[in-house]
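**Q** pasting a predicted model and its sequence here:
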Amino acid sequence: MKEFTCIVCPRGCHLTIDDNMNVTGNSCPRGKEYAISEITNPVRTITSSIRVTNREDLLVSVKTSGPIPKGKIFDVMEEINKLGVSAPCQIGQIVKKDVLGLGVDIIITKNIK
């Protein structure tokens with residue numbers, strides 16, 4: 001039996017899932033989906049920042065365009081740490097396409113003029 005705190009909505013339901021994938025403690029169906037996902041294939045969206053190469057001491061926020069397997073977080077962060085971008089840049093701009101072949105891009109989340 002595993003226990004989780006659901007992070008899908010602000011309620012933060014205390015979930016319990018047994019070996020037969022029976023979920024208890026969820027206030028909505030999304031909690032059940034989250035608990036099963038955490039057991040079978042946990043994924044996360046990464047948020048970070050990268051250097052703006054043509055501006056002194058300036059960073060811009062980035063994120064993955066979708067969730068990645070939890071076990072690949074450190075590998076993706078290694079790739080993000082290698083990145084830089086020149087200003088100007090826009091929200092949604094792709095900095096690295098298909099990072100590590102996972103089918104997700106690294107995208108800018110802040111406009112820099």
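**A** That came in fine, so what should we check first? Numbers count the residues shown, from 1 in each chain.
**Q** quick one: pLDDT of P42?
**A** Listed pLDDT for P42 reads 94.
**Q** residues contacting the nearest residue to it once chain neighbours are set aside?
**A** Leaving aside its chain neighbours, P42 sits nearest to K70 (4.1 Å; criterion: CB to CB, 6 or more residues apart in numbering). C-beta here means a position set from N, CA and C on the backbone, and glycine is covered the same way. Neighbour list for K70: P42, V43, R44 [criterion: CB atoms under 8 Å, 6 or more residues apart in numbering].
**Q** check the offset of the longest helix along the chain from the chain's centre.
**A** For the chain, the longest helix by residue count, based on DSSP state H, is helix 29-40. Remark: helix 29-40 is offset 16 Å from the chain centroid, using CA atoms, centre = their mean, to the nearest Å.
**Q** ok, and what's touching the next helix-or-strand element following that helix?
**A** Downstream of helix 29-40, the next assigned helix or strand under DSSP states H and E is strand 43-44. Residues outside strand 43-44 that contact it (CB under 8 Å, 6+ apart) are S37, P67, I68, P69, K70, I73.
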